[in-house]
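Participant: need a structure here:
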Amino acid sequence: MGTIEFVADRLPELWLRTGEHIRLTCVSTAVAILVGIPLGIIASRISSLRGPVMSAVGILQTIPSLAMLAILLALLGRIGAVPAIVALVLYALLPIVRNTLAGLEGVSPEVMEAAQGIGMTDRQRLRIVQLPLAKPVIVAGIRTAAVVGVGIATLSAFIGAGGLGQFINEGLALSHTGLILLGAIPAAILALLVDWSIGAAEWGLRPTRQAERGTFTVKLKPAALSLPLVVVALGVGAYFMGPGGRGGQTAAGTIGIASKNFTEQLILGELMGQLIEARTDLGVERRFNLGGTMICHEAIARGAIEVYAEYTGTGLTAVLKHDVVADPEEALRIVREAYRERFGVEWLEPFGFNNTYTLTVRGDDAQRHGWQKISDLGLTASELRAGFTFEFAERPDGYPGLRDAYGFSFGEMRGLEPALMYEAIARDQVDVICAFATDGRIAAYNLKPLEDDRGFFPPYHAAPIVRAETLREHPELREALAPLAGALDDATMQRLNYEVDEKKRAPADVAREFLVSHDLLRKGE
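Facilitator: Take a look at the predicted model:
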């Protein structure tokens, strides 16, 4: 598919994501202005509060963006725009508060004395003298906050807030440069547009000199003042030009389906979503590419989403903090009972495949060193570079537990996104990765999975999990998803993943083709 065809195919979603991005930026910047300017005024007038106020907003700026989003997700108990906007407001406070303080303190003492001399009160001096003179500095802070907000808003997709970061997130998950650029380039253009429009509005607010009155340049000032509103209007229009003309809003009778940020999850999400759409009267809102297991888990436990695909081993060890259980049926029984009792979530019948972790090396290296099982790495582990997903690097069923089970550590360990992990080992940038057993890139890149000879990894049978309350309200969901039980074995899932990862096909198209070929959907549905 050529560039023009690719963009044209994605244009409706591009409008939607652009509108979402403008919404996030505009709302957060507006709130930050309403909070930040008064804080700056307070800091300038009450010297005892100046240090604490500036320290507080400065500390907020030092918290990494993703960490801030994760913290707010846990505190607010929901995914989507609300925690994203709160995070953007907190990041926007520093430039606005600092510039407000600097602008007010930069007003000449002689001017302030003159204002006092003609009888102005403190409030009049602030309103009539200080704020107008400090305006250019304050607006510069607002411009900085807005532009930074455009950039940080791209990360909001990790918690389901949408925006142009959705394309970037999906592109990273699928190793698709076109998708990454589809999000990055409009975001850069939007940042320039926001900066220019606010700058133009500030110029429009400047007092007009007597000599300038009536000139064409001065006549442009009213138009310049309206430019930020034009940007907002464009965002609103783009938002409602998105798919369905409803701006991505969840309507009544709509089921929210989430996925984690890797290929297999996107395919499973589409399989479930398309069956629900075809076999029920319910709509589906796709909240794909959320940050990872715990974000998806918190979302379904708190009712922000209704459905996603989880793995028994992940639920057992990462969520329930349970010891490893080798028997697949026993592992499923434990997670079913615990999820139902603790989270009000039901595990439906598994899809049929076991996507276990598998330590994987290059095929040539395995042949040269005689590596067949994980314990074979023990003698040379200190010389090897490992590339693991961030979850695997921290989870008890990942690298920490693996070290204890096998008694060795790797010389270097890098945290990588799942898609980049395979690229890294193929390009000889790492020597060992925590591959997924059903990933089609294992065969495509001539990689060698090593036998887990000490039985460390639990079974990872994937299954749809659904909120129990949702199943009671919509019992047809269980029937709609029932055809997926046992429909995917390891080889089939590996093939579907390969179609997306290597052939760069859309997960929705691959899922639909599978459903049609197995008579689970008709071609017209």
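Participant: how about the helices of the stretch 1-150 of the chain, start to end?
Facilitator: 3-45, 47-62, 65-76, 81-105, 109-117, 122-124, 131-153 (DSSP state H, counting those that start in this stretch).
Participant: Mind checking the pLDDT average for the shortest one?
Facilitator: Looking at helix 122-124 alone, the average pLDDT works out to 85.
Participant: Would you mind listing the outside residues contacting it?
Facilitator: A115 (Cβ atoms under 8 Å, 6 or more residues apart in numbering). Backbone N, C-alpha and C define where each C-beta goes, glycine included.
Participant: mean pLDDT lowest for which of the helices of the stretch 1-150 of the chain?
Facilitator: Ranked by mean pLDDT, the helices of the stretch 1-150 of the chain end with helix 65-76 at the bottom, a mean of 79.
Participant: can you dump the C-alpha coordinates of it into PDB?
Facilitator: Extracted C-alpha coordinates of helix 65-76, given in PDB (Å, rounded to 0.1, in the frame of the first residue of the first chain):
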ATOM      1  CA  SER A  65       5.400  11.200  32.300                       C
ATOM      2  CA  LEU A  66       4.600   7.500  32.200                       C
ATOM      3  CA  ALA A  67       5.100   7.200  36.000                       C
ATOM      4  CA  MET A  68       2.700  10.200  36.500                       C
ATOM      5  CA  LEU A  69       0.100   8.600  34.300                       C
ATOM      6  CA  ALA A  70       0.400   5.200  36.200                       C
ATOM      7  CA  ILE A  71       0.100   7.000  39.600                       C
ATOM      8  CA  LEU A  72      -3.000   8.900  38.500                       C
ATOM      9  CA  LEU A  73      -4.500   5.800  37.100                       C
ATOM     10  CA  ALA A  74      -4.200   4.100  40.400                       C
ATOM     11  CA  LEU A  75      -5.400   7.100  42.400                       C
ATOM     12  CA  LEU A  76      -8.400   7.900  40.200                       C
END
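Participant: which residue ranges form the strands in the stretch 201-350 of the chain?
Facilitator: Secondary structure of the stretch 201-350 of the chain (DSSP state E, counting those that start in this stretch): strands at 254-258, 283-287, 307-311, 345-347.
Participant: Most tightly packed of these?
Facilitator: Most buried of the strands of the stretch 201-350 of the chain by mean neighbour count (mean count of other Cβ atoms under 10 Å) is strand 307-311; its value is a mean of 26.
Participant: same for that one, what does it pack against?
Facilitator: Secondary-structure packing of strand 307-311 (3 or more Cβ pairs under 8 Å, 6 or more residues apart in numbering; DSSP states H and E): strand 254-258, helix 263-279, helix 293-301, strand 462-467.
Participant: redo that, cut-off 6 Å
Facilitator: Where contact means 3 or more Cβ pairs under 6 Å, 6 or more residues apart in numbering; DSSP states H and E, strand 307-311 is packed against strand 462-467.
Participant: mean confidence score for the following helix or strand past the strand it packs on?
Facilitator: The helix or strand immediately downstream of strand 462-467 is helix 468-473, counting by DSSP states H and E. Averaging pLDDT along helix 468-473 yields 94.
Participant: Could you pull up the residues touching the most centrally placed residue in the chain?
Facilitator: Centroid-nearest residue in the chain, with Cα atoms, centre = their mean: F158, separated by 1.2 Å. Listed by Cβ atoms under 6 Å, 6 or more residues apart in numbering, the contact set of F158 reads G291.
Participant: Flag every buried residue along stretch 452-460.
Facilitator: D452, F456, F457, P458, P459, Y460 (16 or more other Cβ atoms under 10 Å).
Participant: what about that stretch, distance to the chain center?
Facilitator: Mean-position distance between stretch 452-460 and its chain equals 30 Å (Cα atoms, centre = their mean, to the nearest Å).
Participant: same question, stretch 87-96
Facilitator: With Cα atoms, centre = their mean, you get 19 Å for stretch 87-96.
Participant: Repeat that for stretch 461-481.
Facilitator: Chain-centre distance of stretch 461-481: 25 Å, with Cα atoms, centre = their mean.
Participant: what bits of the protein have low per-residue confidence?
Facilitator: The model of the chain has pLDDT under 70 over residues 1, 205-225, 234-252, 522-525.
Participant: Domain-wise, how is it divided?
Facilitator: According to automatic domain parsing, the chain comprises the domains 3-245, 254-354+462-517, 357-449.
Participant: Provide the contact partners of stretch 473-491 at residue level.
Facilitator: Contact with stretch 473-491 is made by 275-276, 279-280, 348-349, 351-353, 438, 464, 471, 520, as judged by Cβ under 6 Å, 6+ apart.
Participant: which residues sit in contact with T154?
Facilitator: Going by Cβ under 6 Å, 6+ apart, T154 touches L164, G165, I168, A187.
Participant: Now do the same for the last one: helix, strand or coil?
Facilitator: Counting by DSSP: H, G, I helix; E, B strand; the rest coil, the backbone at A187 sits in helix.
Participant: how much space between the nearest residue to it once chain neighbours are set aside and M68?
Facilitator: Distances taken as Cβ to Cβ, 6 or more residues apart in numbering place L164 nearest to A187, at 4.6 Å, with adjacent residues excluded. Using Cβ to Cβ, to the nearest Å, L164 is found at 19 Å from M68.
Participant: between those two, who's got more neighbours?
Facilitator: Taking other Cβ atoms under 10 Å, L164 and M68 do not tie; L164 has more neighbours (28 against 21).
Participant: hang on, isn't the more buried one packed against A184?
Facilitator: No - taking contacts as Cβ atoms under 6 Å, L164 lies outside contact range of A184: 7.7 Å.
Participant: give the contact list for the residue nearest to A187.
Facilitator: R17, H21, T154, G183, P186, A187.
Participant: how about a cut-off of 8 Å?
Facilitator: L164 makes contact with R17, T18, E20, H21, A153, T154, G183, A184, P186, A187, L190 under the criterion Cβ under 8 Å, 6+ apart.
Participant: would you list those in TSV and tack on distance to A480?
Facilitator: Output for the contacts of L164, formatted as TSV (distance: Cβ to Cβ, whole Å):
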residue	distance to A480
R17	28
T18	33
E20	29
H21	33
A153	35
T154	34
G183	32
A184	37
P186	36
A187	37
L190	39
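Participant: quick one: which two of those residues are the most distant?
Facilitator: The two members of the contacts of L164 with the most space between them (Cβ to Cβ) are E20 and A184, at 15.6 Å.
Participant: Looking at these two, which one has more neighbours?
Facilitator: Using other Cβ under 10 Å as the criterion, E20 and A184 rank with E20 on top: 27 against 17.
Participant: From E13, how far out is the more buried one?
Facilitator: Applying Cβ to Cβ, the value for E20 to E13 is 10 Å.
Participant: just to revisit the earlier point, quick check: which of the helices of the stretch 1-150 of the chain is nearest to T317?
Facilitator: Between those, helix 65-76 lies closest to T317; by Cβ to Cβ that is 19.9 Å.
Participant: First-to-last residue distance for stretch 464-480?
Facilitator: 11 Å (Cα to Cα, to the nearest Å).
Participant: Now do the buried residues in it.
Facilitator: Neighbour-count burial for stretch 464-480, with 16+ other Cβ under 10 Å as criterion, is recorded at P464, I465, V466, R467, T470, L471, H474, L477, A480.
Participant: just stretch 82-101 next, same as before
Facilitator: 83-101.
Participant: what sits against L227?
Facilitator: L227 sits next to W196, S197, I198, A200, A201 when contact means Cβ under 8 Å, 6+ apart.
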